[in-house]
Structures are given as structure tokens and as C-alpha cells.
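Could you look at this predicted model? Sequence included:
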Amino acid sequence: MAGLYPLAPFLALAGGFLLAACQWLILVYAPTEATLGLPQKIFYLHLPLAWWGLFSFFLVFIASGAYLASRKRFWDVLAGAAAEIGLALAALALISGAIWAKTSWGLWWTWDARLTTTLVMCFIYAGYLVVRGMDMQPDRRARIAAVLGIVAFLDVPLVFFSARLWSYIHPPSISLEPEMKHTLVACIASFALLWLGLLLFRWRLAQDAINLEETTKERLMRRE
Amino acid sequence: MLKAALLIASKDLRLTMGRGSGLLQALLLGLLLIFVFSLSLTPGQRMSAQGAAAIFWMASAFCQVLIFSTLYGLEEINGQRQGLVLAPSPAQGVWLGKALAGLCLLVASQTLFLPATIVFLGQEISDLWRLGLAIVIIGDIGIVAIGSLLGALSQGQSARESLLSIVLFPLLAPLFLGGIRIGSAVFSGKLSEGADGWFGIALAFDAIFVASALALFPSVYNAEE
Amino acid sequence: MLLQLRDIARFYGSRLVFKGVSLGVRRQSVTLLAGANGAGKSTLLKIMAGLIRPSAGDILMDDGKEAVSVGFLGHMTFLYPELSAMENLRFWAKLHRLALPLSSFEDMLERVDLSAFAGEKAKSFSRGMAQRLNLARVFLPRPALLLLDEPGTGLDTRSTAILHREIASAKADGAGIVWITHSLEDDIARADTVALLADRRLAFSGSVEDYKRRRGALPTSAIEARPDDVNTRMAGGGEPC
């Protein structure tokens, strides 16, 4: 991770530029969907947000498990960084989804399995971040956060299936034309760069704080 | 581990029952919630079956937060947590003991919430009551499994009830949805499709969280501040 | 060695409590652990008990052969206020998998002078009574390693005599005892070895005779907490741990 860090600004910038370029793909290259019209184009941003948000939460889960197994601070810091980014992306996915819902169905919110799951995930990971912000011994906080990070992700499929069973409304599945597919893949890929850049920034910030603490400790251990 | 769990559970039940205030607070909060929601009805009007089931589970959820906050709070008065950690039995015994005590207290509270729901919200119990009993038992197991795991999380924290609520409630969403759907069928007598799906989800929830609590509890329960 | 600490260090956040602490506890011995307030005596004792992890270093029990039963008496009494003295005692005994007849509980309460209060709730006890009940809890299982953090806190002369008698009898049974004291000079007559924490390290560790010989060369802060420190602590109900 430390080796990747120097790339962070470039990744973030490249991600930004590419996403800007994707606007051309979205607005010009991809055809307008016949029934849903222009609002459907929100989808090209909405999907990367949702995907990378969910992937961030998956990373929290992996890093939490790795922390409990290894007790290395690295994993705890990574989990925290991923959770923050995941929450931001999931919240943006919700907002963009709501805008789409309003224009296509006339409703800001509807009981859809994916929407509900995303909302519940936002609540869960917001709680997770509250726990991370608590004032307690760093080791203990890291252990608790790791346990919560694991439990939270195990809950996600249960939330999804229960939300689907609750009410079986799906947004109309769209058959994508090739240009639409290309645009979507380009958006998701560009977003990956931005995502990785953000993760590296956030991770580095937290890691620096820990390094400072560790250096102080080492000095204290060495000084006679 | 089972012996230690039973020992801790019986001690906790004696303490909460003996002191009274622990369970009483949880009970009163639940009953008040049900009563307050009855105010949303005009005289003579009945709450929809689904609404009543939702209120029943919400009362149970708040009650459970207070129960586990009390149960883990018992070990903080004179530092008993250190003593439990030093005991030769595995830490999971504490989780199981608290979960068992919590289950007893939750079921006891629900036996009061149910008549309160029926009376204040104008509900009737239909022939489907066996389904309702089953979902309450399965749901409660999941609730106490995760409540006992995360109740330990709030040890030594101020504002632990609110902390527990914000962490627990979203995690419990699948159980609530199932409980509300089946509860609504029990009150209305009309069973919609997918009932077995709800039992499947609730059972999966129990299995996942009992297993993860057993695996993860020692990481959250220890003597450090 | 019953208990062997090697090069133990402990941090709280980035504050170093102590480092380089190496110390052995033999069977059938009393080790006095002393040092000024905040020197880390309680922290070291908790590390010995396994309650908290050291930031660095190793702990070896019974030369790694088998698990050692530990009795720990900290600043807190572990008592459930709503349970009676007898119920408290029985709960902790059962938790430690001791199947003792009722008579041994009665006997233990008798030894700490509480048999008249066996059925009374612990919340009605004075500080001294609670501490005696706490002693009963710790001494009842006859652990091989006894870790006592200022066991004399709140005890009057008569109760202190009970404490001294129990420590002597545990030692006679073969127990290794680590005893944190704030009045080293008073308790030294009952000890075999002395360990002093000062300036974030173990300033002295050795036999009582050695200690008496080298006392003059040791940092004064380690030897005796000032009496007014002790008083403030008592009034404040002990330091947070």
C-alpha cells in the first residue's frame, strides 16, 4: 500500500479527468433509452457509485477479518478508510437513485430491494463509523470495529433477500445496447481510479497518525 | 462453558428480577410505545394488522436494547468483568449466559406487549397463532444472539443505550421485516405468499449470528478499558 | 519459577508506563511490589494476571508446563451489591469450577470475620467489610499464584491482622504471592523479595536483605509514596484502573 501511495494524486486526477470524459460518452455516444428517456443517463453514474460502495464494504469485511487474524494495525486502518469511502459512495448512490426514481416513477423513494439494502447499509456503516470514533484504547476499538465490520457485511445478503421478499418490485431491467455497455464499463473503470486514489489518501492520513505514535513509542523504548 | 453460562444466566435473572428496576424500565418503555402509537387512532378505529405487528416488534427492539445494556451493566458496578474474564471457562460462556438471560427477559416482556398490542391497537389473534409463536421464538433467538454480542461492545461507554440502538436496529432489519409480515398474518388471519421464505431468512439469520457471535465474542469481551 | 516476566513493556496510547521489566515469582514466597503513584504497579499486576497484554515482552507460567490458577484482587471488589455475602462467594467459586461443601464457605466467612453477615446483601457492607469479603473470594480457591493490589485498603487493624494471617497461610500452602503495598517499610517484615518500579523501569528487584543493603542508593520516589498521596487516594476511593 505504501508503495502505491505516490500514485494516489495521479490516480485521483486521472479518475476525475476520465469521469469528465465519460460525460461525453454518456451524453453523446450512448443512445438515449427509448422508454426511459434522458433521466436514464443517471444510471451511468449511479451504477459505479453503488458498485464501488458495495465493494468498499466488502473490503471492510476482508480487512476486519484480516485484522482479527493478524492484529496488524494496517488492516484496521484500511477497514476504516474503506468504510468512510463506502458510506460516501453508498449515500451518493442513494441520492442519484432517488433522483432517477423521481423522474421515471414520480416517486423519490420506493420499496425496492436494492434501494432498501443500500439504505440499511448506510445506517449500518454510519453506526460502524460512530463506533470507530469512540474514545477508547486503540486496540480495543480496533477489535470492536473489526467484529462489527464482519457482522455488518454478513447481514447484507439477509437484508437484500428480506427486502426482496417484502415487496417484489424491480426497476424495469433495461436491455443495454453495445454503446450503452461501453459507456457503462468506461464509467465503472474510470471510477475505479478515483476510488483507489481516495482510498490511498484516506489510508495514508490515518497511517501517518499511527506512524507518529509508533515513532514516539520507539523513541521512548530506546531512550535510557 | 454451558455450566458457566447457566450460572451467569441464573445470577443475572436473580439480579434483574430482584432489583426489578432493570426489567421494569424496559417493560415500561415498550408498553409506553404501544400506548403512544394507539394515540394515532381515532376512537373506535383499529390499527392495521401490519402496523400493529411493526409496533410490537419495535417495542421488543427497544426493550432488548435496555435488557442487554442492563445485563452487561451488572458486571461494571464493581469491576466484575475482570473476574469473568479471569474465570477458567471460555469467554463464550459469558455471551451464552447473557443471551439466555436476555431471552428469558425478552420473552417475559413480550408476553405483556402482546396483550397490550391486542388491547390498545384493536387486534385479534387468528388461527395462525402457531406461526406467530414460531416467528417470535426464532426471531428472539436471533435478536438475543446479536444483542449479547454487541451488548458487550458498549461496556464502559457512556450513552450505551443509544449506541447500541444505532448499531443494532439496522442489523436486525431482516428479522423485523419477517416478524412484521408473519405477525401481520397472525393478526389479520390472511397469510400472504412467501411465509416459508420469511422463516428461511429468520433461521439463516439465527445460524449466521449465533456462529459469528461464538467466533467473535472473545474479541470484544476482555478486561481492557 | 511459578511466574516469569521477561522484558515487559506497556504503553497507554503513546505514554510509556514501563519497559524492560523482568521479574520472577517463586512458589512459597511473598514479593512486595512498590513504587510511587502512577509508576504502573497495578498495570504490572494486571499483566501478571493476564488481564491486559503487555506491549512487548513474554510471560511464562510454571516454566511453560501447565496453567497456574490465579487469584486476583484488584482495586474493585467484584461484588454484586444485590447478592448476599454467601451468594457472592458461591458465585465466584462455582465460576472457578470449585465444588465445595457449604461448610468451607462458612469456614471462609468465619476466617474473615463475616459469618454474622453471611445472608446480608453486599450493598449494605462498609468498605472494610467489602474488602474482607473480597479477600475471602480470593483466598477461598487456594490459587497457586496470588496477586494482591493494595489488599489492606480500607481495613482496620484487626482486619489487617486477618489479611496478614491469610497471606502467611497461603504462603505456607506453597502459593507465590505478589503484593502491591503503599507502605513498604511496614510490610517488608512479611516479604521474601522486593520489586520497585520507578522512572518507568524496575529500579530494584531482589531479596529483602539486598534491598535493605542498597536502600540508600535507590531513587527516593520509589521507596515510599508520600503519606498525603495515600490519604488523597483513600478519600478518592482509589485510582481508576
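Great, that's in hand.

helix/strand/coil for the residue nearest the centre of chain B?
The structure's chain B has its C-alpha centroid closest to residue B:64; by C-alpha atoms, centre = their mean the separation is 3.8 Å. State at residue B:64, reduced to three classes by DSSP: H, G, I helix; E, B strand; the rest coil: helix.

Low-confidence ranges, chain B, go.
B:19-21, B:156-159, B:225 (pLDDT under 70).

quick one: contacts for the closest residue to chain C within it?
In chain B, no residue comes nearer to chain C than residue B:79, which is 2.9 Å away by C-beta to the nearest C-beta. (Each C-beta comes from the backbone N, C-alpha and C, glycine too.) Contacts of residue B:79 were listed using C-beta atoms under 8 Å, 6 or more residues apart in numbering or on different chains, and they are C:74-78, C:241.

Which positions in stretch A:93-102 come out as buried?
If you call a residue buried by 16 or more other C-beta atoms under 10 Å in any protein chain shown, then stretch A:93-102 has these buried ones: A:93-94, A:96-98, A:100-101.

ok, now how distant is the residue of chain B closest to chain C from chain A?
Taking C-beta to the nearest C-beta, to the nearest Å as the criterion, residue B:79 is separated from chain A by 16 Å.

so how far is residue B:72 from that residue?
Residue B:79 is 13 Å from residue B:72, where distance means C-beta to C-beta, to the nearest Å.

Residue A:56 too?
Counting by C-beta to C-beta, the separation of residue A:56 from residue B:72 is 31 Å.

next one: residue C:98
Using C-beta to C-beta, one gets 25 Å for the distance from residue C:98 to residue B:72.

Between those two, which is the more surrounded one?
More neighbours surround residue B:72 than the other of residue C:98 and residue B:72, with 26 against 14 (other C-beta atoms under 10 Å in any protein chain shown).

The helix or strand hosting that one: which residues count as buried?
Counting by DSSP states H and E, the secondary-structure element that holds residue B:72 is helix B:49-73. Within helix B:49-73, the residues that count as buried by 16+ other C-beta under 10 Å are B:49, B:51-73.

Residue 122: how many residues sit nearby?
Assuming you mean chain A. Each residue near residue A:122 was counted by other C-beta under 10 Å, and the total is 19.

Wait, chain B was what I had in mind.
Close neighbours of residue B:122, defined as other C-beta under 10 Å, add up to 16.

is it true that it touches residue B:45?
Yes. The criterion here is C-beta atoms under 8 Å, and residue B:122 meets it with residue B:45 at 7.4 Å.

rewinding a little: mind checking if the helix holding residue B:72 is in reach of chain A?
No. Helix B:49-73 lies apart from chain A when judged by C-beta under 8 Å from any C-beta of the partner chain; the minimum separation is 10.8 Å.

so what secondary structure elements neighbour that helix?
Applying 3 or more C-beta pairs under 8 Å, 6 or more residues apart in numbering or on different chains; DSSP states H and E, one finds that helix B:49-73 makes contact with helix B:2-19, helix B:21-38, helix B:92-120, helix B:129-151, helix B:160-171, helix B:173-188.

chain center to the last one: distance?
If I follow you right, that is helix B:173-188. Between the centre of helix B:173-188 and the centre of its host chain there is 15 Å, according to C-alpha atoms, centre = their mean, to the nearest Å.

Also the second one?
Remark: helix B:21-38 is offset 14 Å from the chain centroid, using C-alpha atoms, centre = their mean.

what's the answer for stretch A:28-48, then?
Put simply, stretch A:28-48 sits 22 Å off its chain's centre (C-alpha atoms, centre = their mean).

Now it: buried residues?
Within stretch A:28-48, the residues that qualify as buried by neighbour count (16+ other C-beta under 10 Å) are A:30, A:33, A:36, A:40-48.

Then stretch B:146-160?
By neighbour count, and taking 16+ other C-beta under 10 Å as the criterion, the buried residues in stretch B:146-160 are B:146-155, B:157, B:160.

And for residue C:29, the neighbour number?
18.

just to revisit the earlier point, of the contacts of residue B:79, closest to chain B?
Checking those against chain B with C-beta to the nearest C-beta, the nearest one is residue C:76 at 2.9 Å.

which residues does the closest residue to residue B:52 other than its chain neighbours contact?
Across the structure, with C-beta to C-beta, 6 or more residues apart in numbering or on different chains as the measure, the residue nearest residue B:52 apart from its sequence neighbours is residue B:121 (4.3 Å). Going by C-beta under 8 Å, 6+ apart, residue B:121 touches B:34, B:37-38, B:41, B:46-47, B:51-52, B:55.

again, only this time at 10 Å
Contacts of residue B:121 were listed using C-beta atoms under 10 Å, 6 or more residues apart in numbering or on different chains, and they are B:34-35, B:37-38, B:40-41, B:45-49, B:51-53, B:55-56, B:187.

any idea how far it is from residue B:106?
Noted for residue B:121: a distance of 20 Å to residue B:106, by C-beta to C-beta.

what's the answer for residue C:127, then?
37 Å.

okay, the two: which has more neighbours?
Per other C-beta under 10 Å, whichever of residue C:127 and residue B:106 has more neighbours is residue B:106, with 27 against 14.

contacting residues around that one?
Taking C-beta under 10 Å, 6+ apart as the definition of contact, the neighbours of residue B:106 are B:23, B:26, B:30, B:60-61, B:63-64, B:67-68, B:113, B:136, B:139-141, B:143-144, B:147.

try 6 Å
With contact set as C-beta atoms under 6 Å, 6 or more residues apart in numbering or on different chains, residue B:106 has these partners: B:64, B:140.

Equivalent analysis for residue C:51, please.
B:82, B:223 are the contacts of residue C:51 under C-beta under 6 Å, 6+ apart.

Now do the SS call for it.
coil.

if you take the average position of chain C, which residue is closest to it?
residue C:148 (0.8 Å).

mean confidence for stretch C:103-123?
In this model, stretch C:103-123 carries a mean pLDDT of 93.

got a list of contacts for it?
Where contact means C-beta under 6 Å, 6+ apart, the residues beyond stretch C:103-123 that reach it are C:79, C:81, C:84-86, C:88-89, C:132, C:135-136, C:140, C:162.

nearest to chain A, of the residues you listed?
Out of the contacts of stretch C:103-123, the one with the shortest distance to chain A is residue C:79. That distance is 24.9 Å, counting by C-beta to the nearest C-beta.

Next, count neighbours for residue C:84.
Using other C-beta under 10 Å, residue C:84 has 16 neighbouring residues.

That one - nearest residue in space that isn't next to it in sequence?
Nearest non-adjacent residue to residue C:84 (C-beta to C-beta, 6+ apart): residue C:119, at 5.1 Å.

Could you grab the helix/strand/coil label for that neighbour?
Classification of residue C:119 using three-state DSSP returns coil.

phi, psi of it?
phi -90, psi 0 (degrees, to the nearest 10).

for residue B:222, same thing?
phi -160, psi -180.

contacting residues for it?
Residues near residue B:222 by C-beta under 6 Å, 6+ apart: residue B:85.

So which bits of chain B are right by chain C?
The interface of chain B toward chain C, taken as C-beta under 6 Å from any C-beta of the partner chain, is made up of B:7, B:11, B:15, B:18-19, B:78-80, B:82-83, B:86-87, B:223-224.

one more time with 7 Å, if that's ok
Where chain B comes near chain C, counting by C-beta under 7 Å from any C-beta of the partner chain, the residues are B:4, B:7, B:11, B:15, B:18-19, B:77-80, B:82-83, B:85-88, B:223-224.
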